[in-house]
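J.: need a 3D model of the sequence below.
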Amino acid sequence: MKRYIAAIMYTAIALGATPSFADNAAAADLRRGDMKKLVFHATPAAVSGQAFILPDSGGKKTLRDYNNKYVLVNFWATWCAPCRKEMPMLAELQTKFGGDNFEVVTIATGRNTPAGIAKFFADSNIDNLPQYQDPNQSLASQMAIFGLPISIIIDPDGKEIARLRGDADWSSESAKAIIAELIESNQ
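T.: Just a heads-up that it's a prediction; the model follows:
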(Lines give C-alpha, C1' and ligand atoms only; values in the text may rest on other atoms or scores of the structure.)
Protein backbone atom coordinates (compact mmCIF):
# COMPACT_ATOMS: atom_id res chain seq x y z
CA MET A 1 0.00 0.00 0.00
CA LYS A 2 2.82 2.39 0.86
CA ARG A 3 4.41 1.81 -2.56
CA TYR A 4 1.07 2.48 -4.25
CA ILE A 5 0.60 5.77 -2.38
CA ALA A 6 4.22 6.74 -3.05
CA ALA A 7 3.77 6.02 -6.77
CA ILE A 8 0.64 8.16 -6.92
CA MET A 9 2.32 10.94 -4.96
CA TYR A 10 5.42 11.04 -7.17
CA THR A 11 3.33 10.87 -10.34
CA ALA A 12 1.17 13.73 -9.13
CA ILE A 13 4.19 15.83 -8.22
CA ALA A 14 5.72 15.16 -11.62
CA LEU A 15 2.47 16.30 -13.24
CA GLY A 16 2.47 19.53 -11.26
CA ALA A 17 0.26 18.71 -8.27
CA THR A 18 0.50 20.98 -5.29
CA PRO A 19 2.53 19.88 -2.27
CA SER A 20 -0.69 19.50 -0.25
CA PHE A 21 -1.55 16.39 -2.28
CA ALA A 22 1.60 14.73 -0.99
CA ASP A 23 0.78 15.90 2.54
CA ASN A 24 -2.72 14.44 2.30
CA ALA A 25 -1.27 11.14 1.10
CA ALA A 26 1.06 11.12 4.10
CA ALA A 27 -1.88 11.80 6.43
CA ALA A 28 -3.98 9.13 4.70
CA ASP A 29 -1.20 6.60 5.31
CA LEU A 30 -1.62 7.14 9.08
CA ARG A 31 -5.17 5.75 9.16
CA ARG A 32 -5.69 2.87 11.60
CA GLY A 33 -8.76 1.43 13.34
CA ASP A 34 -11.81 3.70 13.04
CA MET A 35 -9.75 6.19 11.07
CA LYS A 36 -9.73 3.78 8.12
CA LYS A 37 -13.25 5.13 7.50
CA LEU A 38 -11.71 8.57 6.82
CA VAL A 39 -11.69 8.83 3.03
CA PHE A 40 -9.26 11.33 1.53
CA HIS A 41 -10.47 12.69 -1.81
CA ALA A 42 -8.27 12.45 -4.89
CA THR A 43 -9.33 15.99 -5.75
CA PRO A 44 -10.33 18.52 -3.07
CA ALA A 45 -14.00 19.48 -3.29
CA ALA A 46 -15.61 22.89 -2.94
CA VAL A 47 -17.58 23.52 0.24
CA SER A 48 -20.97 25.16 0.44
CA GLY A 49 -21.28 28.88 1.15
CA GLN A 50 -24.60 28.25 2.94
CA ALA A 51 -24.71 30.02 6.30
CA PHE A 52 -25.29 28.36 9.65
CA ILE A 53 -26.47 29.96 12.88
CA LEU A 54 -24.41 31.18 15.82
CA PRO A 55 -26.96 30.70 18.62
CA ASP A 56 -25.25 32.96 21.17
CA SER A 57 -25.24 36.04 18.95
CA GLY A 58 -27.96 35.17 16.46
CA GLY A 59 -25.41 35.86 13.74
CA LYS A 60 -24.41 33.66 10.85
CA LYS A 61 -21.20 32.16 9.55
CA THR A 62 -20.11 29.95 6.66
CA LEU A 63 -17.48 27.25 6.30
CA ARG A 64 -15.59 29.63 4.03
CA ASP A 65 -14.93 31.81 7.08
CA TYR A 66 -12.37 29.24 8.21
CA ASN A 67 -9.79 29.61 5.43
CA ASN A 68 -6.08 29.48 6.27
CA LYS A 69 -6.39 26.54 8.70
CA TYR A 70 -7.43 22.92 8.73
CA VAL A 71 -10.96 22.48 10.04
CA LEU A 72 -12.63 19.31 11.24
CA VAL A 73 -16.36 19.93 10.78
CA ASN A 74 -18.64 17.55 12.61
CA PHE A 75 -22.33 17.38 11.67
CA TRP A 76 -24.29 15.97 14.58
CA ALA A 77 -27.58 16.03 16.52
CA THR A 78 -28.49 15.89 20.18
CA TRP A 79 -30.70 12.83 19.60
CA CYS A 80 -27.90 10.88 17.83
CA ALA A 81 -26.23 8.45 20.26
CA PRO A 82 -23.04 7.96 18.18
CA CYS A 83 -22.77 11.77 17.84
CA ARG A 84 -23.01 12.19 21.59
CA LYS A 85 -20.40 9.49 22.12
CA GLU A 86 -17.76 11.14 19.94
CA MET A 87 -18.31 14.78 21.02
CA PRO A 88 -15.98 14.57 24.07
CA MET A 89 -13.27 13.13 21.80
CA LEU A 90 -13.69 16.04 19.40
CA ALA A 91 -13.38 18.42 22.35
CA GLU A 92 -10.14 16.67 23.28
CA LEU A 93 -8.82 17.21 19.72
CA GLN A 94 -9.69 20.89 19.97
CA THR A 95 -7.87 21.15 23.31
CA LYS A 96 -4.76 19.41 21.93
CA PHE A 97 -4.54 20.96 18.46
CA GLY A 98 -6.88 23.97 18.32
CA GLY A 99 -5.30 27.29 17.36
CA ASP A 100 -4.09 29.18 14.33
CA ASN A 101 -3.66 26.04 12.20
CA PHE A 102 -6.56 23.81 13.26
CA GLU A 103 -10.09 24.04 14.64
CA VAL A 104 -12.95 21.67 15.39
CA VAL A 105 -16.32 23.08 14.31
CA THR A 106 -19.49 21.32 15.44
CA ILE A 107 -22.78 21.97 13.66
CA ALA A 108 -26.00 20.52 15.03
CA THR A 109 -28.19 19.85 12.04
CA GLY A 110 -31.97 19.43 12.06
CA ARG A 111 -34.20 19.75 15.10
CA ASN A 112 -31.87 20.65 17.96
CA THR A 113 -32.90 23.37 20.36
CA PRO A 114 -30.25 25.78 21.60
CA ALA A 115 -31.24 24.79 25.16
CA GLY A 116 -30.82 21.09 24.34
CA ILE A 117 -27.41 21.65 22.79
CA ALA A 118 -26.27 23.79 25.73
CA LYS A 119 -27.51 21.16 28.22
CA PHE A 120 -25.68 18.36 26.40
CA PHE A 121 -22.44 20.38 26.29
CA ALA A 122 -22.78 21.29 30.00
CA ASP A 123 -23.59 17.69 31.03
CA SER A 124 -20.56 16.48 29.04
CA ASN A 125 -18.25 19.22 30.39
CA ILE A 126 -17.58 20.49 26.87
CA ASP A 127 -16.73 24.17 26.87
CA ASN A 128 -14.34 24.50 23.94
CA LEU A 129 -16.55 23.64 20.95
CA PRO A 130 -19.03 25.89 19.17
CA GLN A 131 -22.75 25.25 19.47
CA TYR A 132 -23.54 26.12 15.86
CA GLN A 133 -26.84 25.12 14.28
CA ASP A 134 -28.19 24.24 10.86
CA PRO A 135 -31.88 23.91 11.84
CA ASN A 136 -33.30 23.60 8.33
CA GLN A 137 -30.49 21.30 7.20
CA SER A 138 -29.68 23.72 4.40
CA LEU A 139 -25.91 23.42 4.82
CA ALA A 140 -26.12 19.68 5.49
CA SER A 141 -28.13 19.17 2.31
CA GLN A 142 -25.69 21.16 0.18
CA MET A 143 -22.76 19.26 1.70
CA ALA A 144 -24.41 15.85 1.02
CA ILE A 145 -24.73 15.05 4.72
CA PHE A 146 -27.05 12.07 4.76
CA GLY A 147 -27.04 10.34 8.12
CA LEU A 148 -25.22 11.41 11.27
CA PRO A 149 -22.56 11.85 12.43
CA ILE A 150 -20.43 12.87 9.48
CA SER A 151 -17.11 14.62 9.83
CA ILE A 152 -15.29 16.42 7.05
CA ILE A 153 -11.81 17.91 6.92
CA ILE A 154 -11.39 21.20 5.13
CA ASP A 155 -7.93 22.36 4.09
CA PRO A 156 -6.55 25.90 4.49
CA ASP A 157 -7.70 26.72 0.95
CA GLY A 158 -11.30 26.07 2.01
CA LYS A 159 -11.67 22.75 0.16
CA GLU A 160 -13.00 19.48 1.52
CA ILE A 161 -10.16 16.96 1.45
CA ALA A 162 -11.58 14.09 3.50
CA ARG A 163 -14.84 12.71 4.91
CA LEU A 164 -15.73 10.18 7.58
CA ARG A 165 -19.23 8.70 7.72
CA GLY A 166 -20.39 7.48 11.12
CA ASP A 167 -18.73 7.84 14.48
CA ALA A 168 -15.06 7.29 15.14
CA ASP A 169 -12.54 7.22 17.94
CA TRP A 170 -11.22 10.75 17.55
CA SER A 171 -9.09 10.24 20.67
CA SER A 172 -7.08 7.46 19.00
CA GLU A 173 -3.39 7.78 18.27
CA SER A 174 -4.21 7.45 14.58
CA ALA A 175 -6.63 10.41 14.64
CA LYS A 176 -4.09 12.54 16.50
CA ALA A 177 -1.31 11.55 14.10
CA ILE A 178 -3.45 12.48 11.07
CA ILE A 179 -4.33 15.90 12.50
CA ALA A 180 -0.71 16.52 13.53
CA GLU A 181 0.50 15.61 10.02
CA LEU A 182 -1.99 17.96 8.37
CA ILE A 183 -1.08 20.83 10.71
CA GLU A 184 2.64 20.28 10.17
CA SER A 185 2.14 20.30 6.40
CA ASN A 186 0.63 23.80 6.64
CA GLN A 187 3.45 25.41 8.61
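J.: not counting sequence-adjacent ones, nearest residue to Ser138?
T.: Gln50 (5.1 Å; CB to CB, 6 or more residues apart in numbering). From N, CA and C alone the C-beta is placed, and that goes for glycine too.
J.: now swap in Ile183 and tell me
T.: Spatial nearest neighbour of Ile183, excluding adjacent residues (CB to CB, 6+ apart): Asn101 at 4.7 Å.
J.: and Ser124, by the same measure?
T.: Nearest one to Ser124, counting by CB to CB, 6+ apart, is Pro88 at 5.7 Å.
J.: tell me the spacing between the residue nearest to Ser138 and Lys61.
T.: Distance of Gln50 to Lys61, given as CB to CB, to the nearest Å: 11 Å.
J.: and for Lys69?
T.: In terms of CB to CB, Lys69 sits 14 Å off from Lys61.
J.: how about the spatially most central residue of the chain, secondary structure?
T.: Central residue of the chain (CA atoms, centre = their mean): Leu72, 2.2 Å from the mean position. Secondary structure state of Leu72, per DSSP: H, G, I helix; E, B strand; the rest coil, is strand.
J.: point out where the protein drops to low pLDDT.
T.: 1-23 (pLDDT under 70).
J.: go with 90
T.: For the chain, the stretches flagged by pLDDT under 90 are 1-24, 55-58, 67, 185-187.
J.: packing partners of the lengthiest helix in it?
T.: Using DSSP state H, we find that the single longest helix of the chain is helix 81-97. Applying 3 or more CB pairs under 8 Å, 6 or more residues apart in numbering; DSSP states H and E, we find helix 81-97 packed against strand 70-76, strand 102-109, helix 114-123, helix 173-185.
J.: would you format these as a markdown table with distance to Ala42 included?
T.: Putting the helices and strands packed on helix 81-97 into a markdown table (distance: least, CB to CB, whole Å) gives the following:
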| stretch | distance to Ala42 |
| --- | --- |
| strand 70-76 | 18 |
| strand 102-109 | 23 |
| helix 114-123 | 35 |
| helix 173-185 | 17 |
